[in-house]
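S.K.: I need the structure of the sequence given here:
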Amino acid sequence: MDTLFLLAVATVVVVLIFDYTNGFHDAANIVATVIASRAMTPAQAVLVVGFFEFLGPLLGGTAVADTIGKFVALDGVAPVLSLSILLCGLIGAIAWNLGTWYFGIPSSSSHALVGGLIGAVVVSVGADHVAWGFAELAEGRLTGIVKVLAALLLSPLVGFWVGYLIHRLLSALLVAARPAANARLRGLQYITAAGLAFSHGANDAQKSMGILTLVLLLGGFIPSFAVPFWVMLACATAITLGILSGGWRIVRTLGFAIYRVRPVHALGSQLTSAAVILSASAVGAPVSTTHVVATSIMGIGASERPRAVRWAKAKDIATTWLITIPGAALAAIQAYALVNLFLGGTP
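M.R.: Sure, this is the predicted structure:
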């Protein structure tokens with residue numbers, strides 16, 4: 001077997017591993033509020049979430065995959081080198097995901113993927129092979145890295161304020177409610193948690209779908225950038241298996257360390273997150289579920305009792321968000337040095 005084929009197989013495997021770690025890392029984002037509010041047991045939450053997570057990539061379209069698959073411009077780069085770049089970018093993202101999971105820090109898998117790919121591309125073939133999108137922005141169009149970063153930066157703000165407003169609305173509707181209403185609020189979370197899981201699969205799995213399709217294109221296995229059905233199925237399976245494994249360390253941070261989550265807060269957070277993420281998926285904007293869920297909880301807490309929000313923990317999370325792209329980029333650069341050495345210098 002030639003080097004190109006083996007490298008393509010290895011890169012496909014690593015894409016699916018990243019997709020798995022994405023689900024593993026982000027499982028807490030989806031189930032944290034459900035578990036914290038005691039609407040479901042951990043086992044119930046993971047089963048409900050896993051089912052709808054699987055449906056998201058299959059039914060959610062490919063707009064996000066198109067965005068992710070086109071923010072690095074590797075046309076004209078030798079196939080072996082281009083696949084090596086993608087491989088190293090993914091290794092950097094996986095390393096960051098596992099490191100932040102180990103320490104229980106809810107960082108962004110999306111940021112990690114973007115950072116890893118940017119680092120690998122810049123160190124290997126130069127910054128001009130990244131589709132930055134600045135020129136298009138001057139013409140009023142969002143493309144490339146500008147579109148990706150705009151989505152990643154704006155979505156937490158939208159999550160905060162939508163969460164703030166939804167909690168105000170729910171509080172007004174429940175102003176005369178008795179404690180027994182909590183049982184209904186917990187029951188409704190079967191619907192909202194399913195919606196959040198579907199939206200997560202529709203957005204996050206598409207990132208892996210985009211990279212995997214790019215691998216097939218650069219390796220010469222498909223004639224144009226179009227996501228095959230088997231790629232959708234493979235990525236849906238990988239991210240769902242990750243969700244079923246569950247990153248329980250991060251549940252404590254999102255479910256308990258930012259604000260005391262009760263049934264009404266959990267319902268509001270899930271409604272907010274599902275709405276924001278589905279809207280982003282519809283326009284091809286890759287967002288971070290971690291960001292949206294965390295800031296929705298902050299917005300809900302700020303709406304009710306600002307002083308009860310653990311802003312110090314929020315600051316720690318925000319710091320991690322800021323360092324994720326450069327951190328994953330550095331990990332990818334180190335991976336590129338090792339892979340380049342292993343291959344004896346890529347062409």
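S.K.: Now do the helices in the stretch 51-200 of the chain.
M.R.: Applying DSSP state H, counting those that start in this stretch to the stretch 51-200 of the chain gives helices spanning 63-68, 79-102, 109-125, 134-138, 144-173, 181-218.
S.K.: need those in TSV with distance to residue 233, can you?
M.R.: Placement of C-beta: from N, CA and C, glycine included. TSV is the format used below for the helices of the stretch 51-200 of the chain (distance: least, CB to CB, whole Å):
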stretch	distance to residue 233
helix 63-68	14
helix 79-102	19
helix 109-125	20
helix 134-138	33
helix 144-173	25
helix 181-218	10
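S.K.: Most tightly packed of these?
M.R.: Ranked by average neighbour count under the criterion mean count of other CB atoms under 10 Å, the helices of the stretch 51-200 of the chain are headed by helix 109-125 at a mean of 26.
S.K.: could you give the angle of it to helix 144-173?
M.R.: With axes from the mean of the first three to the mean of the last three CA atoms, to 10 degrees as the criterion, the two stretches helix 109-125 and helix 144-173 enclose an angle of 170 degrees.
S.K.: what mean pLDDT would you report for helix 109-125?
M.R.: Regarding helix 109-125, the rounded mean pLDDT is 90.
S.K.: And for stretch 160-174?
M.R.: When the per-residue pLDDT values of stretch 160-174 are averaged, the result is 93.
S.K.: now do stretch 83-90
M.R.: Mean pLDDT, computed over stretch 83-90, is 92.
S.K.: and of the helices of the stretch 51-200 of the chain, who's closest to residue 297?
M.R.: Using CB to CB as the criterion, the shortest distance between residue 297 and the helices of the stretch 51-200 of the chain is 7.0 Å, found for helix 144-173.
S.K.: what's the closest non-adjacent residue to residue 136?
M.R.: Nearest in space to residue 136, with sequence neighbours left out and distances taken as CB to CB, 6 or more residues apart in numbering, is residue 143 at 4.6 Å.
S.K.: hang on, residue 202 packs against residue 63?
M.R.: No: shown here, residue 202 and residue 63 do not form a contact pair, counting by CB atoms under 8 Å, at 9.4 Å.
S.K.: Name the residues contacting each of the two.
M.R.: Common contacts of residue 202 and residue 63, defined by CB atoms under 8 Å, 6 or more residues apart in numbering, comprise residue 281.
S.K.: May I have the residues that are in contact with the residue lying farthest from the centre of the chain?
M.R.: In the chain, the greatest distance from the average C-alpha position (CA atoms, centre = their mean) is reached by residue 176, at 38.1 Å. Applying CB under 8 Å, 6+ apart to residue 176 gives no contacts.
S.K.: for residue 151, same thing?
M.R.: The neighbourhood of residue 151, defined by CB under 8 Å, 6+ apart, consists of 280, 285, 286, 287.
S.K.: what about residue 149, distance to residue 305?
M.R.: When CB to CB, to the nearest Å is the yardstick, residue 149 and residue 305 sit 33 Å from each other.
S.K.: now residue 319
M.R.: Relative to residue 305, residue 319 is positioned 24 Å away (CB to CB).
S.K.: Kindly report the same for residue 240.
M.R.: When CB to CB is the yardstick, residue 240 and residue 305 sit 36 Å from each other.
S.K.: between the two, who's got more neighbours?
M.R.: Here residue 240 and residue 305 are set side by side on neighbour count (other CB atoms under 10 Å), and the busier one is residue 240, at 25 against 11.
S.K.: Surely the more buried one touches residue 53?
M.R.: Yes: counting by CB under 8 Å, residue 240 touches residue 53, with 5.0 Å between them.
S.K.: what's the overlap in contacts for those two?
M.R.: With CB under 8 Å, 6+ apart applied, the overlap between the contact sets of residue 240 and residue 53 consists of 23, 201.
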